[in-house]
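# what follows is a predicted protein model with its sequence.
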Amino acid sequence: MTHRQRTGRKPEAYSVIFAILGAVILSFIILTISNMIVLQFLADYPGFVDAVKDPGVWRSIWLSIWTAIAATLIALVLGVPLAYMLARRDFMGKGLVEAVIDVPVVIPHTVAGIALLTVFGYHGLIGAPLRTIGIKFVDMELGIIIALLFVSVPFMVNSAREGFQSIDPRLENIARSLGASGWGSFCRVSLPLAVRQIVVGAIMTWARAISEFGAVVVIAYYPMIAPTLIYERYISFGLKASRPIAVLLMLVCLLVFVILRIFSSRWKLYDRD
Amino acid sequence: MTHRQRTGRKPEAYSVIFAILGAVILSFIILTISNMIVLQFLADYPGFVDAVKDPGVWRSIWLSIWTAIAATLIALVLGVPLAYMLARRDFMGKGLVEAVIDVPVVIPHTVAGIALLTVFGYHGLIGAPLRTIGIKFVDMELGIIIALLFVSVPFMVNSAREGFQSIDPRLENIARSLGASGWGSFCRVSLPLAVRQIVVGAIMTWARAISEFGAVVVIAYYPMIAPTLIYERYISFGLKASRPIAVLLMLVCLLVFVILRIFSSRWKLYDRD
Amino acid sequence: MIEIEGIGITWGSEFALKDINLHVREKEFFVILGPTGAGKTLLLELIAGFYQPDAGVVKIRGHDVTRLPPERRRIGFVYQDYALFPHLSVRDNTAFGMRMRHPLRKRDVFNLGRAADTIREHRQAIDSRVDEAMDKLNITHLGHRKPLTLSGGEQQRVAIARAIAMNPPVMLLDEPLNALDARTKDMMRDELRRIHEEFALTTLYVTHDQAEAMMLADRIAVMMDGSVVQVGTPEEIFQSPASEEIAKFVGMENTFQGTVTGREDDLTIIKIDDEHTMEAVSKYNAGEQVRVLIRPEYITLAETSDHTSARNNYGGTIKRVVHMGPISKVELNCDGLYLAAFVTRRSVDDMALEAGMRLCASFKATSVHVIKHGVQI
Amino acid sequence: MIEIEGIGITWGSEFALKDINLHVREKEFFVILGPTGAGKTLLLELIAGFYQPDAGVVKIRGHDVTRLPPERRRIGFVYQDYALFPHLSVRDNTAFGMRMRHPLRKRDVFNLGRAADTIREHRQAIDSRVDEAMDKLNITHLGHRKPLTLSGGEQQRVAIARAIAMNPPVMLLDEPLNALDARTKDMMRDELRRIHEEFALTTLYVTHDQAEAMMLADRIAVMMDGSVVQVGTPEEIFQSPASEEIAKFVGMENTFQGTVTGREDDLTIIKIDDEHTMEAVSKYNAGEQVRVLIRPEYITLAETSDHTSARNNYGGTIKRVVHMGPISKVELNCDGLYLAAFVTRRSVDDMALEAGMRLCASFKATSVHVIKHGVQI
């Protein structure tokens, strides 16, 4: 039940202060984003047109999008089963597993890049043997996907776990008593009921992946994903050269984000509220 | 009620597959982290000792820690009131506000850096006027804090909002009927009951802030925060020069993370479960 | 004491209170009775000031409080699931109201000479009031416990003590006995009535349980679908429900359609079907279509129809005897007229009632309640 | 049919079932009665196979099913709050079990020549079974609705139809009437018994409501604190509770301490205090300390003590009359002996019972239940 407004009464002092504090943080975010976009269109529209026409820019953006999608799909396949186990089973060291899942969130991005390089680099634990059969990670799309997966998979697992946890376990008991196997009750009951939280998790995972820069730049400067391209232009040619690409990438991200957000809100039906 | 184990029965096939898929993602994370640390100590212990003894490294780490704390504190002051309003009030455009709060998560880090630069840079909307009274952001601690705040504040707001939402609004009604003002009921009832989620949000905010690289590197390459220092050493001197600092920073982050995690689990008492 | 005038509220598009008018008298135990979803709780919340009505006025002791925030209304409120503060001990829960209403004023604290004394006196004043409330509700021994560790009955007591401690003239109770088991329910019901007397409260009590309403109420308002449909004493409500819907809700199991065929003073003859007529005390005239209601507990069973002064007597066969704890329901087929009667378990044993047995059912003309067919009076 | 032998389980350190032994007969309506927290639901869940016991064996029709997963036990289960699948329509909920137990086999689909026919026949077989279950429970018209849009009573019916549709020999019901309002409760109770007969089920039914247990059960097991403390027919449980705790739980309001002073065949004389003795049918000998229990509905009230064959007669004054819906409780003070009696509302009116009135309370020696003081028999 939503909290109904207390209409017709004077707002209290603390409400006013709360609203002001909230407005500060909101305007900080809105101003930062809109200022860049507006400034670009007002002060340097030709620069934006050039960026839009540059096939190299689109190549980078497309690379960012599809590697992020690839990382999200891998996170789905590997993360959802883990999330289900965490939500439904008790086992030794469960707390430790939950902590490990959160670790990528807390590790600085360049540290993650260095760590991945020690494993997947030319001389790395996995990178070295795989290189002998022709699979390379450094400066390859595969390396980018690995880096994006590492930083973004916690969002998938945590969101899906919340989804599964919110389902009454007795629904699964009933499904079993009606003749469904464990796998059947997962597919017919748990998965459909957690689907919204899983979709939300996938969106968050994708968003986290496409925004990554630090880890990717260490393991794969080339081929350049869009954030790297923006950084490269900024370092080489300054703000004026990088801003149009930044605006373009932001517009693409916001567009996808808005579409997915509208799409995912359709699932509210099965949710707890 | 936790889901009790079905002991004494053979595990089903799907459970085994789920466990294997989960193990893949877990070993990916564990391997990546432990490999870097172990390799450092086995292959280049002197390099690690050198890093520990380098005051420049500690300066960077300390800078990372305190700017992240500063950003967290600002996020607390500005974000918790907003979270409370979002949890308790209905108003026009509430959905839009919720979307805006999530935007920093989805924007690529270097894009955020560029956007912040257009606002807080020397010629920026806010940066230019403030510069005339001596307040600078570019290559200053203030710029770092602004960048960390931008990327991390959504974690604070979302976690605190969940905390407030999980409180039965009737508890606040009762507090009001017992003579508490709106502010009184917020302080005596809502805040204590949401404290765990707020603390969790603060930990996430801090973790997100200390891990940031892309946005900071654009607005303030100097003074170097630890992730920037690692990147700089990697570009200039290669993996071997940057890895010891990466290991050191990771150990510091993990230490803080573990301590805070243990600390925050004490609050479970007031939680819904 | 509490006057509710023309209160209305829309809740999204789903739900509403429609033009509620009630007048609760000083020190009255007033029960709002209605099925789930009738808007009873919302009405209480409007009176307490948690929500604002879209229309209408709430007055307490003649003062319009409609726009007053809840903390300035001095109304005790107890929710169905108690809504205890889970982070505070039982004692701190009970003391919450006193501490909020009588905070230590700054000038007392900073008046250095007397500060320590003032604080101590202040604390003692609060403490003694809290002790009294806890004592009255028998929760003194629970003082240091947290609410979630208590049983339902104990939580109930704490919720009441918390409301009572701030000495409110008005008490609002939202289905307070609903979540309790039968034995605790019986105990708490008596206790609620006792507290009502002892603290000279004006109590507004919401329930969907007709038995509870009957046992507790001085007066009852029946609410259905967001409207008050009848107000009266328990006797008026249960013996003269204003409509068929109310009659059904308050448990009239025997209802028949009929036509009035004659009348002599107040004694009406009603034809139910070709073989059955009933005599009732009512004011309807010959030819009118009516609905007839008889409460099962007003039907007496006997082996013969001798020795009874009741005007309505029907011979019939027992279809079924249903044991319902202390009482049993006997379902009778009186040659096509189906009647249900409540009798004690004892009578069932003494008369050896069982399916197939023939006996005589009788009830007085005054026990028959007649309402106009399909129309609310 | 269902044999439970030595079942035990620990639940963390908090809670346990202790050495449960039960034998439910074929086609029996067996009720497990006990207060909240006695472990009744957990026992049902163990029988259904949702959890594994730490010790003991569950047998169904002589087969040990203790290690069998729930999907291979063919046990219908209905939870207290129904646990309907919120994402499926009423029809899909009902069909769930049939679709799970009789999936379309691959070889039927790939046998190209007859595939279309086979699929159609298969669907029709499932459909007709589902239609039947929905028809039996009167939910056919709800087929396309989602569970969350239904009322409690409707949800209840869907939950039962879902379990019934797969034609289980055994049905487990976990306080199914608990969440329903009084009227729906009465209706569903009759219906549950009807379904039990119609589908020739062996039903295990959990409740904390003694009236429900009495009305439904062929036999009752009373559970307290994780143990079964008494098993018997409703009459045995309610008239001869094995311990004081059970007696209190099943509603014996009148309990007294006494000493047996004499005995003649089965008629025992028990001295309650200096002024009161009672006669009871029991087998205790002179000198033994006993506890005496009398159900309030077995006490008859009359204006004089003439015309009664009851052995126990006490003159007393009415302290209070409490109206409890169809029946009223009369509290009497018989010169220091406090008795509570249930009478119909009708009797209250006829005899004009009110506080202060003097009358005579009587009960038969066979209505007095005697147990050894403080000791479980």
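Yep, it's here.
# what sits against C:G76?
Going by CB atoms under 8 Å, 6 or more residues apart in numbering or on different chains, C:G76 touches B:177, C:163-164, C:166, C:168, C:170-172, C:201. (Each C-beta comes from the backbone N, C-alpha and C, glycine too.)
# for whatever residue of the stretch 101-250 of chain C ends up closest to chain A, what are phi and psi?
Closest approach between the stretch 101-250 of chain C and chain A, counting by CB to the nearest CB: C:D174, at 14.5 Å. Phi and psi for C:D174, reported as degrees, to the nearest 10, are phi -100, psi 100.
# helix, strand, or coil at C:L173?
Using DSSP: H, G, I helix; E, B strand; the rest coil, the structure places C:L173 in strand.
# still on that earlier bit, so what's the residue of the stretch 101-250 of chain C closest to chain A up against?
C:40-41, C:44, C:77-80, C:206.
# at 6 Å instead, please
C:41, C:44, C:79-80, C:206 (CB atoms under 6 Å, 6 or more residues apart in numbering or on different chains).
# closest to B:F263 among these?
C:Y79 (33.6 Å; CB to CB).
# let's see the pLDDT reported for that closest one.
With respect to pLDDT, C:Y79 has a value of 92.
# measure it to chain B for me?
C:Y79 sits at a distance of 5 Å from chain B (criterion: CB to the nearest CB, to the nearest Å).
# again with C:R99
9 Å.
# read off the pLDDT value for that residue.
pLDDT, C:R99: 88.
# also A:Q5?
According to the prediction, A:Q5 has pLDDT 46.
# what do you get for the one 4 residues further on?
At A:R9 the predicted local distance difference test score is 61.
# buried stuff in stretch C:7-23?
For stretch C:7-23, the neighbour count (16 or more other CB atoms under 10 Å in any protein chain shown) marks C:7-9, C:11, C:16-17, C:20, C:22 as buried.
# swap in stretch C:69-79?
Residues of stretch C:69-79 classed as buried by neighbour count (16+ other CB under 10 Å): C:69-71, C:73-79.
# TSV for the residues you listed, including secondary structure and distance to D:L180?
TSV is the format used below for the buried residues of stretch C:69-79 (DSSP: H, G, I helix; E, B strand; the rest coil; distance: CB to CB, whole Å):
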residue	secondary structure	distance to D:L180
C:P69	coil	38
C:P70	helix	33
C:E71	helix	38
C:R73	coil	35
C:R74	coil	37
C:I75	strand	32
C:G76	strand	31
C:F77	strand	27
C:V78	strand	24
C:Y79	coil	22
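# tell me the one among those residues nearest to chain A.
Out of the buried residues of stretch C:69-79, the member with the shortest distance to chain A (by CB to the nearest CB) is C:P69, at 6.6 Å.
# near chain D, which residues of chain C show up?
With CB under 6 Å from any CB of the partner chain as the criterion, chain C meets chain D at residues C:211, C:214-215, C:297-298, C:323-327, C:342, C:344-346.
# give me phi/psi at C:Q289?
phi -80, psi 130.
# go on, the one 3 residues further on?
Torsion angles at C:V292 (phi, psi; degrees, to the nearest 10) stand at phi -110, psi 130.
# again, but for C:I60
The phi/psi pair for C:I60 (degrees, to the nearest 10) is phi -120, psi 120.
# what's the answer for C:V206, then?
Taking degrees, to the nearest 10 as the convention, C:V206 sits at phi -100, psi 130.
# one step back: which pair in the buried residues of stretch C:7-23 spans the largest distance?
Farthest pair in the buried residues of stretch C:7-23, by CB to CB: C:W11 and C:L22, 19.2 Å.
# check contacts around whichever residue of the stretch 101-250 of chain C sits closest to chain B.
When you check the stretch 101-250 of chain C against chain B by CB to the nearest CB, the closest residue turns out to be C:R101, at 3.9 Å. Going by CB under 6 Å, 6+ apart, C:R101 touches B:179, C:166.
# got the contact list for C:T184?
By CB under 6 Å, 6+ apart, the residues touching C:T184 are C:G153.
# one more time with 8 Å
Applying CB under 8 Å, 6+ apart to C:T184 gives the contacts C:151-153, C:156.
# with A:I219 instead?
A:I219 neighbours (CB under 8 Å, 6+ apart): A:113, A:116-117, A:120-121, A:137-138, A:143-144, A:146-147.
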